[in-house]
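S.K.: sequence-free structure coming up:
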């Protein structure tokens, strides 16, 4: 089991309320991603759940039990840190077996579990090495191994891939997702990378300035962002947000249209614009188009498109893909 | 970034470094030389060096006249005992200051260090009386306690500096892994800080070994260490320089050897955190 409920959880550092008031329910077996810009309080929230920080107010329940005042070790959670936080003086084997040793398991049981975890994570050949002798990806696997041997109620990941290079990050992302599918244990994953959030999560929690902006599945957030913050944060490249007269035509203070929901034409369309920057990736072409009275829009065209800096193009948003937001930034139904 | 140095500048720097090193080392060297002279040769004016009468007589006499092994053993017990006891107290203290600092932790550290600036003689009478009344006077345990307390600020400061270099996330990982405070300190913090703890230990053994004021004040015969052994050779009848030098050489030899073998560790320890 790994059901976690936060009720009116607040965290203040002196006068500063990093997290003013949060309510959140995480179901057993869910892969939940906390996403948001730097300083939005996502890591603090994770640390509150872990017990590494004390809550200033509110209640944290784990499997229905009030865990607010429990020390980290008694919460039955395992955490993977950004810096891996491996014990540098211990071998990989000792790193992975440390939590089992602390739990007082007998040596035969410890060996069996460590061998099992090492096999799952392809670490069998590295068990006698020290962390300093491993690559970044291997270190991260050891950190995950140390977490899984405990068979925790939930895994907490604090930006675990941010120290890895791009290629390795993609691999580890897949490995963690596969691990979740095989273990079916609750996972809470903190990242500022919305691609990680979109690809891994069952449920995304978008945070901004210590507040939850929206909770939902990746596609719910993509299709129906609750406000301009979520609209701008989820999706890559980010959604074009247009204010002023063009928005007022649609009865909104701001309208939003995703780069992939704009048709590009060299002959005619709704908005006429001039191509500024064009990025040709082969599979896609990204264009920065300046439209008079609308502003700078990013357009994603599929495949190779033969337009270049200074060309005149016409843009037309897809019908039904326009998002409307009120003056308070909230979506209008 | 390394600065380019001309050969001339390097030679000058080397000469200057050797001159300072010799200046610092000269008294020790002179003491060792004197310990091999006759008493007459030791006080000759102008001082004799090459023309001196060399002898091992002083060592033989010092060895015969006093119970060197007992003084030596007392020094070992007092310096190592006070260091180990100091570490046992200082490791948890430095842990708390480094990883769960309070608002006034820095002030507290400064205050602890400031006690080292107080002249020792200011607490001599109270400490003497306390020791007499509690039966600690002229006991090894009494000296262990006194020297531990004297050196505690330095031990805490040094360990605090080392602990601050250890990433807090590793200790948090230990906490998540189910380690209580004791296991966290024993299995994670201490092994990671071994180089720092070793430097601190070495320095404090040396400080305690060389301590003379308290060891002479708070002992008479039973617990007297090598510093008191040296003092016992400054007789009321006058100073016998050659014998005094032999006694001094015998007293400092063990710590000199220890310092020689551990100099790398010591230098690393003393300059730790100075360059990042």
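M.R.: Sure, I can see it. Remember, predicted model here, so these are calculated numbers, not experimental data.
S.K.: From here on, just use CA atoms for contacts and neighbour counts.
M.R.: Will do.
S.K.: quick one: contacts of the lengthiest helix in chain A?
M.R.: With secondary structure taken from DSSP state H, chain A has its longest helix at helix A:166-183. Contacts of helix A:166-183 with the rest of the structure, by CA atoms under 8 Å, 6 or more residues apart in numbering or on different chains, involve A:31, A:137, A:161, A:162, A:186, A:187, A:196, A:200.
S.K.: could you dump those to TSV with neighbour count?
M.R.: Converted to TSV, the contacts of helix A:166-183 look like this (neighbours: other CA atoms under 10 Å in any protein chain shown):
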residue	neighbour count
A:31	24
A:137	18
A:161	24
A:162	14
A:186	24
A:187	28
A:196	20
A:200	21
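S.K.: need these in TSV with pLDDT, secondary structure and distance to residue A:261, can you?
M.R.: Below are the contacts of helix A:166-183 laid out as TSV (pLDDT from 0 to 100; DSSP: H, G, I helix; E, B strand; the rest coil; distance: CA to CA, whole Å):
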residue	pLDDT	secondary structure	distance to residue A:261
A:31	97	strand	28
A:137	88	helix	36
A:161	90	coil	30
A:162	87	coil	30
A:186	97	strand	34
A:187	97	strand	32
A:196	91	helix	22
A:200	94	helix	23
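S.K.: picking that back up, now the longest helix of chain A: average pLDDT?
M.R.: Helix A:166-183 comes out with an average pLDDT of 90.
S.K.: near chain A, which residues of chain B show up?
M.R.: B:169-170, B:172-180, B:188, B:191-192 (CA under 8 Å from any CA of the partner chain).
S.K.: hang on, the earlier thing: show me which positions of the longest helix of chain A end up buried.
M.R.: A:169, A:172, A:173, A:177, A:179, A:180 (16 or more other CA atoms under 10 Å in any protein chain shown).
S.K.: again with stretch B:149-166
M.R.: So for stretch B:149-166, counting by 16+ other CA under 10 Å, buried means B:149-163.
S.K.: out of those, who's nearest residue A:192?
M.R.: Checking these against residue A:192 with CA to CA, the nearest one is residue B:163 at 30.3 Å.
S.K.: what's the nearest residue to the closest one if we skip its chain neighbours?
M.R.: Once flanking residues are discounted, residue B:163 sits nearest to residue B:98: 6.2 Å by CA to CA, 6 or more residues apart in numbering or on different chains.
S.K.: need the strands for the stretch 151-300 of chain A, in chain order.
M.R.: Here the stretch 151-300 of chain A has its strands, by DSSP state E, counting those that start in this stretch, at A:154-158, A:186-191, A:203-208, A:211-216, A:240-243, A:254-257, A:262-265, A:271-280, A:284-291, A:295-302.
S.K.: again but with chain B, I slipped
M.R.: Assigned by DSSP state E, the strands in chain B fall at B:234-235, B:238-239.
S.K.: Can you report the mean pLDDT over the residues of the first one?
M.R.: Averaged over strand B:234-235, pLDDT sits at 72.
S.K.: tell me, what residue is most central in the chain?
M.R.: Picking chain A for this. residue A:197 (3.2 Å; CA atoms, centre = their mean).
S.K.: The chain in question should be chain B.
M.R.: The centroid of chain B falls nearest to residue B:207 when counting by CA atoms, centre = their mean (1.7 Å).
S.K.: Determine whether the claim that residue A:327 is in a helix is correct.
M.R.: No. Assigned with DSSP: H, G, I helix; E, B strand; the rest coil, residue A:327 falls outside any helix and is coil.
S.K.: how many neighbours does residue A:76 have?
M.R.: 19 (other CA atoms under 10 Å in any protein chain shown).
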